Every structure is written in C-alpha cells, then in structure tokens.
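K.L.:
With the sequence up front, the predicted model follows.
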Amino acid sequence: MSGRTIRVSEIFGPTIQGEGAMIGQPTVFVRTGGCDYRCAWCDTLHAVDTTFRSEWAPMTPEAILKQVDRLSGTRPLTISLSGGNPAIQPLGPLIDLGQRAGYRFALETQGSLAKDWFADLDILTLSPKPPSSGMETDWQKLAECVDAAGSGPQTVLKVVVFDNADYGYARDVADRYPSLPIYLQPGNHTPPPPDGDDTAIDMEGIMDRMRWLIGKVAEDRWYEATVLPQLHTLIWGNLKGV
Ligand SMILES: C[S@@+](CC[C@H](N)C(=O)[O-])C[C@H]1O[C@@H](n2cnc3c(N)ncnc32)[C@H](O)[C@@H]1O
Ligand SMILES: Nc1nc2[nH]cc(C(=O)O)c2c(=O)[nH]1
Ligand code: SF4
Ligand SMILES: [Mg+2]
C-alpha cells in the first residue's frame with residue numbers, strides 16, 4: 001500500500017482513558033506500530049518490538065475511521081492515538097477526516113519527533129522519558145513538539161516516575177515548561193512481556209510507589225503537579241486491548 005497508509009498495531013474500545021488529563025473519559029484507541037525509543041520498562045512492546053511487525057497492518061485513514069465507527073456506533077468521541085510512537089506515522093489526513101465526522105483527537109508521544117499536524121490535535125500529551133527508561137531526552141526536539149502544537153491543542157506533560165532520579169527529572173521538565181500542566185504517573189515495574197497473556201501486576205508495589213510519590217509532592221509543596229495512577233492497570237492489570 002502507498003505512503004498514505006498508517007501502520008496500525010491495534011484499534012480497541014470504547015474504553016476509558018486510563019492516564020493523564022482525560023482520565024476516566026470514554027475513548028477509542030488507535031495504536032500505531034513502531035517506536036524510535038526502547039524504554040527499559042515499556043508496557044507496550046507488542047507495538048514497539050519489530051519482532052511483532054507482521055502483526056502491524058498498513059491501513060488508510062478511511063479504513064481506520066470505518067473500524068472506529070464500528071466500535072463507537074458512529075457516535076463521535078475522542079480517539080486516542082498512541083503507540084509505539086504515533087508521531088512517526090502520517091496521521092494528519094486521519095485527524096482531518098475524523099474531525100469532519102465530529103471526532104476529537106488526543107495523542108501521546110515521548111516528544112522526540114515534531115509534526116506540523118500536532119497543531120490540529122485537540123489534546124497533545126508529551127511524555128518525555130526519565131532516567132530509569134534508559135533513554136536520553138533531546139530537549140531541543142521536545143521544544144519543537146511544544147512549538148509545533150502552538151495554541152492548537154491543549155498540551156500537557158506526563159512523566160512516569162519510578163525513583164528519586166525520575167522525580168528530579170520530572171521537576172526539571174516542569175521548570176522548563178511552567179505554563180504546561182504536569183501529570184506524574186507511578187511506573188509499573190511488572191510490564192507485560194510482548195507475547196504473553198499473563199495479566200498479573202504487583203499491585204502492592206505500584207500502590208507503594210503511588211504513596212511514596214504523593215509523599216514527595218506533598219513534602220516539596222509541589223502543588224502544580226497532578227499525581228495519577230494508570231487506572232486501566234489498576235482495573236485490568238496488564239491486559240491488552242482495554
Ligand atoms: C506506551 S506509551 C506510547 C506513547 C509514546 N511512545 C510515549 O511513550 O509517550 C504511553 C504511555 O505509557 C507510559 N508507560 C509505558 N510503560 C509504562 C510503565 N511500565 N509504567 C507506567 N507507565 C508506562 C509511557 O511513559 C507513556 O506515557
Ligand atoms: N485504557 C487505557 N488507557 C491508556 N492510556 C494510555 C494508554 C497507552 O497505552 O498509550 C492506554 C491504554 O492502553 N489503555
Ligand atoms: S517511547 Fe513509549 S512506546 Fe516507545 S518504548 Fe518508550 S514507552 Fe514504549
Ligand atoms: Mg499503555
């Protein structure tokens with residue numbers, strides 16, 4: 001298929017947005033395949049690891065929207081674009097087509113690649129990666145993402161926190177962008193293996209980290225931060241497609 005196609009790992013929903021600014025709100029997910037990062041604790045390796053490439057289907061915007069319509073009952077809601085890194089894919093035409101049908105678009109990306117069409121989103125979540133991920137932040141690229149979005153979408157920051165170094169990194173990100181809302185998300189240290197169907201998580205461990213993180217924020221009187229768990233993980237563990 002042609003260059004207009006989007007590499008899709010999975011389309012699922014309606015479910016609730018489990019993370020960040022839109023937590024609890026009904027949404028359909030379109031998860032793209034492929035990522036320029038390899039985070040040590042990635043919970044979505046089936047959309048990252050190229051071993052699973054054969055499961056990623058090239059789809060046109062029309063075919064994707066048809067599938068979303070089938071799931072939503074053609075009642076427009078927010079479509080959440082995630083991945084992998086969805087910024088790699090040519091998503092502009094899908095956003096345009098969907099918005100004309102009444103859909104809203106949210107997208108999450110690590111902020112390593114800026115696209116002009118970020119300005120057309122309704123909400124852009126930039127989730128730069130802390131030290132525990134093993135990835136290095138290119139601050140210039142992150143700035144380009146913020147600039148590309150401009151005043152188009154609501155832009156928010158979301159940082160996963162596992163430890164003190166990650167917490168310090170989150171504070172640094174917030175200092176760089178004092179006008180953007182920031183969400184802190186405790187890390188899930190038992191992410192799913194890409195090919196397994198065991199959904200078990202260490203709930204106690206995640207809750208311990210959540211309590212520790214709230215304690216840090218309170219102790220520092222960091223009242224601009226919002227601390228939220230991954231709601232879908234608390235409800236369904238590592239189950240895929242929810
Ligand atoms: C799977 S990523 C896909 C979008 C994009 N690649 C990104 O990282 O922002 C979606 C969100 O899940 C978060 N995430 C991934 N693995 C996680 C884990 N083990 N615990 C908590 N959050 C995790 C990421 O940091 C990101 O905010
Ligand atoms: N319910 C639900 N909420 C989510 N928020 C971010 C997700 C992601 O994997 O990008 C995700 C997901 O996979 N499921
Ligand atoms: S950037 Fe996102 S999808 Fe890519 S490896 Fe990291 S958490 Fe996973
Ligand atoms: Mg996820």
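P.N.:
Sure, I can see it. Ligands and ions are numbered 1, 2, ... in the order given.
K.L.:
Give me the residue ranges of this structure where confidence is low.
P.N.:
1-3 (pLDDT under 70).
K.L.:
show me where it has strands.
P.N.:
When assigned using DSSP state E, the strands of the chain occupy the ranges 6-16, 26-32, 57-59, 78-82, 104-109, 123-126, 154-161, 182-186, 225-227.
K.L.:
which parts of the first one are buried?
P.N.:
Looking back up the chat, that one is strand 6-16. Within strand 6-16, the residues scored as buried using 16 or more other C-beta atoms under 10 Å are 6-11, 13-16. In short, each C-beta sits where N, CA and C put it, glycine included.
K.L.:
how much space between T27 and I16?
P.N.:
For T27, the distance to I16 (C-beta to C-beta, to the nearest Å) stands at 7 Å.
K.L.:
So which bits of this structure are right by ligand 2?
P.N.:
The chain has residues 15-19, 29, 44, 82, 108, 232, 242 near ligand 2, with proximity defined as C-beta under 6 Å from any ligand atom.
K.L.:
let's go with 8 Å and repeat that
P.N.:
Taking C-beta under 8 Å from any ligand atom, the part of the chain that reaches ligand 2 is made up of 15-20, 27, 29, 31, 43-44, 80, 82-83, 108, 230-232, 236, 240-242.
K.L.:
Name only those of the residues you listed that count as buried.
P.N.:
Using 16+ other C-beta under 10 Å, the buried ones in these are 15-20, 27, 29, 31, 43-44, 80, 82-83, 108, 230, 232, 236, 240, 242.
K.L.:
and T50, how many neighbours?
P.N.:
Other residues within reach of T50, judged by other C-beta atoms under 10 Å, total 10.
K.L.:
show me the contacts for the closest residue in space to it that isn't next to it in sequence.
P.N.:
Leaving aside its sequence neighbours, T50 sits nearest to G34 (C-beta to C-beta, 6 or more residues apart in numbering; 7.6 Å). Contacts for G34 (C-beta atoms under 8 Å, 6 or more residues apart in numbering) come out as 7, 47-48, 50, 53, 56, 83-85, 88-89.
K.L.:
Just the buried ones among the residues you listed, please.
P.N.:
Buried members of the contacts of G34, scored by 16+ other C-beta under 10 Å, are 7, 47-48, 56, 83-85, 88-89.
K.L.:
ok so, going back, distance to ligand 1 added to the strands of the chain, as CSV?
P.N.:
Converted to CSV, the strands of the chain look like this (distance: least, C-beta to the nearest ligand atom, whole Å):
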stretch, distance to ligand 1
strand 6-16, 10
strand 26-32, 8
strand 57-59, 18
strand 78-82, 5
strand 104-109, 4
strand 123-126, 7
strand 154-161, 4
strand 182-186, 5
strand 225-227, 13
